[in-house]
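What follows is a predicted structure for the sequence shown.
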Amino acid sequence: MSVRFELNGEPCGFAGDPLTPLVDILRRERFLTGTKAVCREGFCGACTVHVDGEARMSCLLPIASVAGRRVLTIEGLAPPGAPHPLQLAFEAADVVQCGMCFPGMVMSLSAAFRDRPPESRAEVKTAMTGNICRCTGYERIVDAVLAGLAAERASARESGDV
Ligand code: FES
Ligand code: FES
């Protein structure tokens with residue numbers, strides 16, 4: 001079976017088993033290794049990408065399910081050399097240890113708060129519910145998320161986007 005979809009803004013095609021998990025196409029065929037395959041069962045969130053703007057776990061998505069849809073990975077989230085504010089905030093807060101969880105966290109949070117800031121710390125925690133980190137304490141990650149999203153809003157205000 002042949003499947004066509006959009007990957008990080010470019011047309012993309014796959015020919016083969018329609019049940020192949022999207023995460024395997026991304027990593028093995030497209031070499032987009034920022035998307036991690038950890039549990040492969042929908043528990044850890046490390047494989048999170050955007051599909052038509054929504055955060056989805058790519059280990060659970062057969063490639064056929066993204067036919068005609070827009071897939072965005074961590075590599076496509078921000079232009080090369082200009083990291084997303086959440087990536088900058090995680091780095092500044094020094095919360096990344098092994099790093100396996102962070103691309104998925106950034107993808108979940110950037111989708112959840114694309115159009116509006118979180119109203120509370122609890123809302124950030126809820127948005128991170130599907131993303132497990134085995135290295136770092138979650139409170140410091142939430143601090144970094146709030147700082148990153150605040151920086152994103154300030155930058156958007158400066159550029160007149162909000
Ligand atoms: S690898 Fe997909 S949820 Fe863990
Ligand atoms: S930094 Fe290692 S799992 Fe999160």
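Structure's in. What do you need? Residues are numbered from 1 along each chain as shown. Ligands and ions are numbered 1, 2, ... in the order given.

secondary structure class for the residue most central in space within the chain?
Computing the C-alpha centroid of the chain and ranking residues by Cα atoms, centre = their mean puts M107 first, at 1.8 Å. Under the three-state scheme (DSSP: H, G, I helix; E, B strand; the rest coil), M107 adopts helix.

partners of V3 in the sheet?
F14 (DSSP bridges).

Check the gap between the closest residue to the residue nearest to the centre of the chain other than its chain neighbours and ligand 2 for me.
Nearest residue to M107 in three dimensions, chain neighbours excluded: T48, at 4.3 Å (Cβ to Cβ, 6 or more residues apart in numbering). Where C-beta positions appear, they are placed from N, C-alpha and C, glycine not excepted. T48 sits 13 Å away from ligand 2, taking Cβ to the nearest ligand atom, to the nearest Å as the criterion.

Can you report how many residues lie near T48?
T48 sits with 28 neighbouring residues when counted by other Cβ atoms under 10 Å.

tell me the pLDDT at it?
You'll see T48 listed with a pLDDT of 98.

Quick one: list the elements packing against the helix ranked longest in the chain.
Longest helix in the chain by number of residues (criterion: DSSP state H): helix 138-158. If you count contacts as 3 or more Cβ pairs under 8 Å, 6 or more residues apart in numbering; DSSP states H and E, helix 138-158 packs onto helix 85-93, helix 102-112, helix 121-127.

Good, wrapping up.
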